[in-house]
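> model the structure of this input:
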Amino acid sequence: MADQIWARIQDGVVFELTSTDPEGRFPSELTWVEATPDVAQGFKYNKKTKKFTPVEPPAEQEVVRDPGGPETPGEFTEPPIGPIEE
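Residues are numbered from 1 along each chain as shown. Coordinates of the predicted model:
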């Protein structure tokens, strides 16, 4: 038998999970729904279909170097600020 899980939904996203029945333990403004153990924080929740959907991680972006930029990241070809005048 699978353990019962409840998910707190805020703005269509799972913000919190608990294995303790939240009924009567939290303010009524909070939305709790039954979930399955495979649901995780960050999943999207569709209240019409009552289905959870994992969020796809963002694709890694390729870093494109500026051909006119410094040879080594963090290397400056000139000072970041002008000279200090006294």
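
> what about the closest residue to residue 54 other than its chain neighbours, distance to residue 11?
Nearest non-adjacent residue to residue 54, counting by C-beta to C-beta, 6 or more residues apart in numbering: residue 43, 5.5 Å away. (Glycine included, C-beta is placed from N, CA and C.) According to C-beta to C-beta, to the nearest Å, residue 43 and residue 11 sit 13 Å apart.

> hang on, the residue nearest to residue 54 packs against residue 14?
Yes: taking C-beta atoms under 8 Å as the definition, residue 43 is a contact partner of residue 14 at 4.5 Å.

> overlap in contacts, those two.
Common contact partners of residue 43 and residue 14 (C-beta atoms under 8 Å, 6 or more residues apart in numbering): 7, 52.

> what secondary structure does residue 32 sit in?
Here residue 32 is strand, with the state taken from DSSP: H, G, I helix; E, B strand; the rest coil.

> residue ranges for the strands of this structure, please.
Secondary structure of the chain (DSSP state E): strands located at 5-10, 13-18, 31-35, 44-46, 51-53.

> just those strands: most buried one?
strand 5-10 (a mean of 18; mean count of other C-beta atoms under 10 Å).

> could you dump the strands of the chain to JSON lines with distance to residue 25 and mean pLDDT?
Listed next are those as JSON lines, based on distance: least, C-beta to C-beta, whole Å; pLDDT from 0 to 100:
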{"stretch": "strand 5-10", "distance to residue 25": "10", "mean pLDDT": "96"}
{"stretch": "strand 13-18", "distance to residue 25": "9", "mean pLDDT": "96"}
{"stretch": "strand 31-35", "distance to residue 25": "9", "mean pLDDT": "96"}
{"stretch": "strand 44-46", "distance to residue 25": "20", "mean pLDDT": "96"}
{"stretch": "strand 51-53", "distance to residue 25": "22", "mean pLDDT": "96"}
